[in-house]
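Novice: I would like the atomic coordinates for the input below:
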Amino acid sequence: MPTTRLLLLSNSSAPGRGYLEHAREAVAAHLAGVSELLFVPYALADHDGYTAKAADFFAELGIRVRGAHTAADPRDLVAAAQAVFTGGGNSFRLLKTLHERGLVDALAGRVRAGMPYMGSSAGTNMACPTLRTTNDMPIVQPPSFAALDLVPFQINPHYLDPDPASAHMGETREERLTQFLEENDVPVLGLREGTWLQRTDDRLTLHGLATGARLFRRGTAPVEYAPGADLSELLTARPSFDDHAG
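Specialist: Down below sits the predicted model:
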């Protein structure tokens with residue numbers, strides 16, 4: 001049976017650290033044996049510049065990088081890729097482009113067949129069943145919120161805890177996720193900055209900074225998890241959304 005291998009980061013940059021440096025060891029282990037990586041840069045407008053930034057980091061690991069945007073039909077690159085990294089940025093723009101280029105099914109199919117997948121921020125959102133727990137502004141309109149569905153639960157990257165001292169009068173992140181759960185019955189994992197998930201087949205573990213992650217479920221109080229926690233139970237979730245359109 002193919003091995004499902006995911007590395008899902010909340011963020012690509014940590015304060016005082018360079019691009020992906022906070023997760024360097026995890027990235028290197030995840031991509032062990034990979035000599036060329038396919039980078040999906042569609043979350044930002046400057047595809048060439050974004051790909052060059054990723055290439056600089058991965059060159060230090062001895063891995064060449066090719067941007068998915070460099071092919072007339074990027075599905076050809078996906079079909080031949082050793083591994084894929086989907087970078088962060090605006091998740092609405094990213095998902096819209098994946099749908100337009102026929103990459104949702106292409107990427108999901110390769111990952112389920114054993115190709116390692118790595119995402120950060122918006123790229124982590126893409127691993128979920130839908131886009132619905134992103135933090136981003138909908139600067140464009142995807143044809144569907146349906147994403148890659150590589151895990152059966154939702155993730156909220158860059159999760160921020162409520163700040164009692166804040167003068168901001170809008171909803172906290174916790175309130176927004178509670179509103180999501182009023183309409184959809186599916187676990188949501190709030191990944192704080194500097195944390196990430198690793199999946200190998202039926203095992204899912206939390207890693208990164210001591211701040212850890214917070215799990216939200218409908219009808220129950222949020223639960224805290226520290227790095228090293230086994231979250232494999234989330235892989236058995238049976239998500240229920242308010243419609244069938246994703």
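
Novice: which ones are touching the spatially most central residue of the chain?
Specialist: Central residue of the chain (Cα atoms, centre = their mean): residue 124, 0.3 Å from the mean position. By Cβ atoms under 8 Å, 6 or more residues apart in numbering, the residues touching residue 124 are 8-10, 88, 155, 157, 191, 197. (Glycine included, C-beta is placed from N, CA and C.)

Novice: Can you flag the buried ones in those residues?
Specialist: Buried subset of the contacts of residue 124 (neighbour count, 16 or more other Cβ atoms under 10 Å): 8-10, 88, 155, 157, 191, 197.

Novice: Mind jotting down where the helices sit in this protein?
Specialist: Here the chain has its helices, by DSSP state H, at 24-30, 47-59, 74-80, 91-100, 103-112, 122-125, 173-183.

Novice: Please convert those helices to a markdown table, extending it with distance to residue 150.
Specialist: Formatted as a markdown table, the helices of the chain follow (distance: least, Cβ to Cβ, whole Å):
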| stretch | distance to residue 150 |
| --- | --- |
| helix 24-30 | 14 |
| helix 47-59 | 20 |
| helix 74-80 | 14 |
| helix 91-100 | 13 |
| helix 103-112 | 6 |
| helix 122-125 | 10 |
| helix 173-183 | 19 |
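
Novice: Dump the buried ones among the contacts of residue 124 into CSV; add distance to residue 36 and pLDDT as well.
Specialist: Compiled in CSV, the buried ones among the contacts of residue 124 are given as follows (distance: Cβ to Cβ, whole Å; pLDDT from 0 to 100):
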residue, distance to residue 36, pLDDT
8, 21, 98
9, 20, 98
10, 26, 97
88, 21, 97
155, 27, 98
157, 26, 97
191, 28, 97
197, 24, 98
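
Novice: Next, give me the two most distant ones among these.
Specialist: The most widely separated members of these are 88 and 197, with 14.9 Å between them, by Cβ to Cβ.

Novice: Could you list the low-pLDDT ranges of the chain?
Specialist: For the chain, applying pLDDT under 70 flags the ranges 163, 166-170, 244-246.

Novice: any chance you could map the strands in it?
Specialist: Here the chain has its strands, by DSSP state E, at 5-9, 36-40, 64-67, 84-86, 117-120, 154-156, 188-191, 195-200, 203-208, 213-216, 223-225.

Novice: Reformat those strands as TSV; add distance to residue 22.
Specialist: Shown next, in TSV, are the strands of the chain (distance: least, Cβ to Cβ, whole Å):
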stretch	distance to residue 22
strand 5-9	9
strand 36-40	19
strand 64-67	19
strand 84-86	15
strand 117-120	11
strand 154-156	18
strand 188-191	13
strand 195-200	9
strand 203-208	8
strand 213-216	15
strand 223-225	19
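
Novice: who wins for proximity to residue 242 among these?
Specialist: For those, the distance to residue 242 is smallest for strand 154-156, at 13.1 Å, taking Cβ to Cβ.
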